[in-house]
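> how would this look folded up:
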Amino acid sequence: MDDTQENEEVLSQYIKYGEALKELKEDPNFKLLITEGYIENNSKSSIDMLSIPQVIESGERPQIIERLIAVSHLTNYLKYVADSYEYAISPKEGSEDE
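Prediction:
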């Protein structure tokens, strides 16, 4: 497989993932469960818990921080997919379509 073919396959994968993400973001269940429920509400409640004296005293902060890191990984992955999709569909310098 040459570099051009490999690059086309990678771009095709970016497009496929990006289109799937666009559909998910429009799905009300995805918005409810993932965007609002997991990313927004769960993150906010986890942040709020970090300052509760009982949480601090019981040593639960590391587990809460790990939950926040998991949310961060998911949001970073979704951003990576969206950015990769935008890159894959953008006109390339030197392409015949210019």
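
> and the host helix or strand of Glu23, which residues are buried?
Using DSSP states H and E, Glu23 falls within helix 3-26. Using 16 or more other C-beta atoms under 10 Å as the test for burial, helix 3-26 gives Leu11, Tyr14, Tyr17, Gly18, Leu21. C-betas here are computed from N, CA, C, even on glycine.

> now swap in stretch 58-70 and tell me
Ile64.

> Now it: average pLDDT?
Rounded to a whole number, the mean pLDDT of stretch 58-70 is 97.

> Point out the other helices and strands that the helix holding Glu23 packs with.
Under the contact criterion of 3 or more C-beta pairs under 8 Å, 6 or more residues apart in numbering; DSSP states H and E, helix 3-26 touches helix 61-89.

> please redo it, this time with the cut-off set to 10 Å
When contacts are defined as 3 or more C-beta pairs under 10 Å, 6 or more residues apart in numbering; DSSP states H and E, helix 3-26 packs onto helix 28-30, helix 61-89.

> right, and the ones you listed - which one's nearest Glu40?
Nearest of the helices and strands packed on helix 3-26 to Glu40, taken as C-beta to C-beta: helix 61-89 at 9.3 Å.

> Let me see the contact set for the nearest residue to Glu86 once chain neighbours are set aside.
Leaving aside its sequence neighbours, Glu86 sits nearest to Gly18 (C-beta to C-beta, 6 or more residues apart in numbering; 7.5 Å). Residues in contact with Gly18 (C-beta atoms under 10 Å, 6 or more residues apart in numbering) are Val81, Ala82, Asp83, Ser84, Tyr85, Glu86, Tyr87, Ala88, Ile89.

> Can I get the helices and strands packed on helix 3-26 in JSON lines including distance to Gly37?
Below are the helices and strands packed on helix 3-26 laid out as JSON lines (distance: least, C-beta to C-beta, whole Å):
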{"stretch": "helix 28-30", "distance to Gly37": "10"}
{"stretch": "helix 61-89", "distance to Gly37": "11"}
